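> fold the stuff below for me.
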Amino acid sequence: MEAYSVFRDLAIIIIAAKLFGILARKCKAPQVVGEIIAGLLIGPSILGFVQQTDFLVEMAEIGVVLLMFSAGLETDLKELLKTGPIAFLIACSGVFVPLLGGTLLYMGFYGASPFGSDKFYIAVFMGVIMTATSVSITVQSLKEMGKLKGKVGTTILSAAIIDDVIGIIVLTFVIGFKNPATDPTNVVISTVLFFVMAFVVGVAVFKLFQKLDERYPHTQRIPILGLALCFAFAYAAERYFGIADITGAYVAGIVLCSIQDSSYIEQKMEISSYMIFGPIFFASIGFKTSISHIDGSMLLFSLGFVVVALLSKVVGCGLMARICRFSPPDCLKIGVGMMTRGEVALIVAQKGLSVGLLGAEYFTAVILLIMVSSISTPVILKMLYAKEGA
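Below is the predicted model:
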């Protein structure tokens, strides 16, 4: 009978996520905020109704992949190409400032160490964790407000994708310096090869889908094949190129965003994402939060870690956006939209744990950052857009 407990867990997650999502919207907050809080309440840290399992982890991963695929489908390709160079500059600044901020924060708490020492690499790794951007929560918030397709939304999406690629490259270099057996140049080559592959295969797939769309317009085979393409790109990105699966899914969405039935594909994806995979993903953020091993010193460091991580993204991305001639209100929106941390930060932290660059005691700071940024970013974004409309 234990095998069937997954159905009980799914029922609890869906009911709790939707209930708290509705409550959040009643309180003028984005729905994802309620879903994250629901995950914290029903998860292991508080009520313990649902335990994190491999099945739920995989379901959550499908959820974020579908969300990024939908974001790619909703992307205005012409606007993306127009904002690409600007997004690259914003992403570079959004990596450098948090990397420096996290390194200095650790050294401020535990003292500076000479280059090459273990303590120095731990300090740098704290900055590496801060570089990761989780755009999925921002995407959902912008979608709820109908602001995803604008210049600001497209810039945030583009910059976040580039940000993660740069962050992964930085991570690989840090691990490479820590472990000489790893060749940091391999990740650069793999990244370039992935985008070359995505362009070549993407052009061929786009032409194929165009023909299918002309012959079988508005039929279910189009979104089914689109979903297969999403999973194929996500798998290829992780398996063969070492790139985050969400990047592959987003690129797959971009490949199909210009076909006639792109909105029809997105509409079909939205059903499964809204009903099951999305709530599981956002609730899973709450599941990962543990509050049982926090003492005074670690709490102080964790609070400092959260503050520096949030402000460094806003400052780094916002200042570069201003240099790129965005208006001050739009600069603030871009900075706030880039400050969320989620699945990528967890992947980076877990990688650091496995190679000895991060102690288990610092995981609390990472989880706290994910929780605070995931809840505060949608709320602040909504306030900024509400002020604009006032």
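> excluding chain neighbours, what is closest to Ala283?
Excluding the flanking residues, the one nearest Ala283 by CB to CB, 6 or more residues apart in numbering is Gly39, at 3.2 Å. Where you see a C-beta, it was placed from the backbone N, CA and C, and this is true even at glycine.
> I figured the one you found hits Ile367, correct?
No. Counting by CB atoms under 8 Å, Gly39 does not reach Ile367; the two are 11.9 Å apart.
> give me the more crowded residue out of those two.
Shown here are Gly39 and Ile367; by other CB atoms under 10 Å, Gly39 has more neighbours (29 against 22).
> what about the helix or strand the more buried one falls within, distance to the chain center?
For Gly39, the host element (DSSP states H and E) is helix 31-42. For helix 31-42, the gap between its own C-alpha mean and the chain's C-alpha mean amounts to 17 Å (CA atoms, centre = their mean, to the nearest Å).
> now do it: everything it contacts.
Residues from elsewhere that reach helix 31-42 (CB atoms under 8 Å, 6 or more residues apart in numbering): 12-13, 16-25, 46-50, 137, 140-141, 144, 278-279, 282-287, 289, 371, 374-375, 378-379.
> please identify the buried residues of stretch 15-22?
Counting neighbours by 16 or more other CB atoms under 10 Å, one finds that the buried residues in stretch 15-22 are 16-18, 20-21.
> next: stretch 257-277.
Judged by neighbour count (16+ other CB under 10 Å), stretch 257-277 contains these buried residues: 257, 259, 261-262, 264-266, 268-270, 273, 276-277.
> list the contacts of Leu384.
Applying CB under 8 Å, 6+ apart, the residues near Leu384 are 329, 332-333, 336.
> any idea which element Ile259 lies in?
Here Ile259 is assigned to no helix or strand, by DSSP H and E.
> which helices and strands sit right next to the one helix or strand Leu208 maps to?
Per DSSP H and E, Leu208 falls inside helix 184-215. Contact analysis of helix 184-215 by 3 or more CB pairs under 8 Å, 6 or more residues apart in numbering; DSSP states H and E lists helix 151-178, helix 221-241, helix 245-256 as its packing neighbours.
> and the longest one, what's buried?
Spelled out, it's helix 151-178. For helix 151-178, burial by neighbour count (16+ other CB under 10 Å) applies to 152-176, 178.
> from the contact counts, what lies against that helix?
In terms of contacts (3+ CB pairs under 8 Å, 6+ apart), helix 151-178 is packed against helix 77-110, helix 118-131, helix 135-145, helix 184-215, helix 245-256, helix 328-337, helix 343-355.
> and those, which is most packed in?
helix 245-256 (a mean of 27; mean count of other CB atoms under 10 Å).
> only alpha carbons, please: show it as CSV.
Written as CSV, here are the backbone C-alpha positions of helix 245-256 (Å, rounded to 0.1, in the frame of the first residue of the first chain):
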residue,chain,number,x,y,z
ASP,A,245,17.9,21.5,-18.7
ILE,A,246,15.8,24.6,-18.3
THR,A,247,18.0,26.4,-20.8
GLY,A,248,17.4,23.6,-23.3
ALA,A,249,13.6,23.8,-22.7
TYR,A,250,13.6,27.6,-23.1
VAL,A,251,15.6,27.3,-26.4
ALA,A,252,13.1,24.7,-27.7
GLY,A,253,10.3,27.2,-27.0
ILE,A,254,12.2,29.9,-28.9
VAL,A,255,12.6,27.6,-31.9
LEU,A,256,8.7,27.3,-32.0
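> show the average pLDDT along it.
Average pLDDT, helix 245-256: 86.
> the helix or strand that that helix is followed by vs helix 245-256, what angle?
Later in the chain than helix 245-256, the nearest helix or strand by DSSP H and E is helix 262-272. Here the directions of helix 262-272 and helix 245-256 differ by 140 degrees (axes from the mean of the first three to the mean of the last three CA atoms, to 10 degrees).
> now for helix 262-272, which elements pack on it?
When contacts are defined as 3+ CB pairs under 8 Å, 6+ apart, helix 262-272 packs onto helix 54-73, helix 221-241.
> avg pLDDT for it?
85.
> elements contacting the following helix or strand past that helix?
Using DSSP H and E, the helix or strand that directly follows helix 262-272 along the chain is helix 278-287. Helix 278-287 makes packing contacts with helix 5-26, helix 31-42, helix 54-73, helix 135-145, helix 363-389 when contacts are defined by 3+ CB pairs under 8 Å, 6+ apart.
> output helix 278-287 as CSV, nothing but the C-alphas.
Output of helix 278-287 as CSV, limited to C-alpha atoms (Å, rounded to 0.1, in the frame of the first residue of the first chain):
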residue,chain,number,x,y,z
GLY,A,278,3.5,24.0,-11.6
PRO,A,279,2.1,23.6,-8.1
ILE,A,280,4.5,20.7,-7.4
PHE,A,281,7.5,22.7,-8.5
PHE,A,282,6.7,25.8,-6.4
ALA,A,283,5.6,23.8,-3.4
SER,A,284,8.9,21.8,-3.7
ILE,A,285,10.8,25.0,-2.9
GLY,A,286,9.1,25.0,0.5
PHE,A,287,9.8,21.3,1.0
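> quick one: low-confidence ranges for the stretch 51-200 of the chain?
79-80, 115-116, 172, 176-184 (pLDDT under 70).
> an error on my part: the question was meant for the stretch 201-350 of the chain.
Across the stretch 201-350 of the chain (using pLDDT under 70), the flagged ranges come out as 289-294, 342-344, 346-347, 350.
> at 90 instead, please
Residue ranges of the stretch 201-350 of the chain with pLDDT under 90: 212-221, 237-251, 254, 257-299, 302, 325, 337, 339-350.
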